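>>> quick one, fold the following:
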Amino acid sequence: MNHPFRWTRRRRRGRTDSEKRRGPLSRTIAGYSPQAMKLLYKPFGVIAGIIGAKLGERLFRALWAKLDSDEPPKPTRREATTGKVVAAAALEAAAHSGAKAATARATARSFHYLTGFWPGDEAKADGARSKEKEKGKRS
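A predicted model of the protein is given here:
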């Protein structure tokens, strides 16, 4: 029996090397331009950013609750010490950045798994990197 999606039949026998690299649905989406795929990824990236910001805020509140029983101090509060204000700001920035990076990475990996297209920039080959460094040193 001919199955409409050939990759589902192959999956029972084991995935080929190209299917392992591209993800299971890459055959159905193949043929679209990289610009179209990046445009398709944009809504997912925006939603991931919102989720990451919410997670970062919750993470910061949880970490600050373990460090101090009071609310995190605002920079304009008179009673707060400078060290406490700077520590709170640094912890908040780290929590937000880490949570947003984790959600953005998970979203990009999921998008790549489903479509076979990496939404960000591809890594350059080592030879291209070394040539760019040499050009930078000469200038």
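
>>> quick check, pLDDT for Leu59.
Here, the pLDDT recorded for Leu59 equals 94.

>>> how about it: what's its closest non-neighbour residue?
Closest residue to Leu59 apart from its sequence neighbours, by C-beta to C-beta, 6 or more residues apart in numbering: Ala95 at 4.4 Å. Using the backbone N, CA and C atoms, a C-beta is placed for each residue, glycine as well.

>>> so where's the protein shaky on pLDDT?
Scanning the chain with the threshold set as pLDDT under 70 gives 1-30, 125-139.

>>> at 50 instead, please
Within the chain, the stretches with pLDDT under 50 are 3, 5-11, 26-28.

>>> do you have the helices of it handy? List them.
6-13, 17-22, 26-29, 34-67, 82-115, 126-138 (DSSP state H).

>>> distance of the residue nearest to Leu59 from Pro72?
Using C-beta to C-beta, to the nearest Å, one obtains 11 Å as the distance from Ala95 to Pro72.

>>> who touches both of those two?
Taking C-beta atoms under 8 Å, 6 or more residues apart in numbering as the contact rule, the neighbours common to Ala95 and Pro72 are Phe60.

>>> and the residue nearest to Leu59, what is it in contact with?
Contacts for Ala95 (C-beta under 8 Å, 6+ apart) come out as 56-57, 59-60, 63.

>>> perfect, that will be all.
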